[in-house]
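> okay, structure incoming, though there's no sequence with it:
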């Protein structure tokens, strides 16, 4: 079971790094808004560690961030259907 959680931790960290780059490269966001989205992303990752179903908590947090991003910029931060899973 530890291996499964390690895989999830690695995949979620990689996805967060990808999303942070997408946020940083968005030309429509001010530096302040970029920082707010980076903070939300970090909070999502931190919060998911507190729940038994970490995958569900993380993916729900990402959906909320994507909705806020869309309301702010008019485009999706996450362009494809997504789920971070520990088992392929």
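Yes, it's here. Treat the numbers as computed from the prediction; the structure is a model and nothing was measured. Residues are numbered from 1 along each chain as shown.
> checking the residue nearest to residue 24 when sequence neighbours are not counted next. Helix, strand or coil?
Nearest non-adjacent residue to residue 24, counting by C-beta to C-beta, 6 or more residues apart in numbering: residue 34, 6.2 Å away. (C-beta placed from N, C-alpha, C; glycine too.) For residue 34, the assignment made with DSSP: H, G, I helix; E, B strand; the rest coil gives helix.
> quick check: pLDDT value at residue 66.
Turning to residue 66, the model gives it a pLDDT of 88.
> what sits against it?
Residue 66 sits next to 76-78 when contact means C-beta atoms under 8 Å, 6 or more residues apart in numbering.
> can I get the buried part of the residues you listed as one PyMOL selection?
Buried residues among these (16 or more other C-beta atoms under 10 Å), as a PyMOL selection:
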select buried, resi 77+78
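> so residue 44 sits against residue 61, correct?
Yes: if you go by C-beta atoms under 8 Å, residue 44 and residue 61 touch, sitting 3.3 Å apart.
> ok, the two, which is more surrounded?
Ranked by neighbour count (other C-beta atoms under 10 Å), residue 44 and residue 61 place residue 44 first, with 21 against 18.
> and the pLDDT at the more buried one?
Residue 44 is assigned a predicted lDDT (pLDDT) of 89.
> would you mind listing the buried residues in the one helix or strand it maps to?
Element membership of residue 44, judged by DSSP states H and E, is helix 31-48. Neighbour-count burial for helix 31-48, with 16+ other C-beta under 10 Å as criterion, is recorded at 37, 40-41, 44-45, 48.
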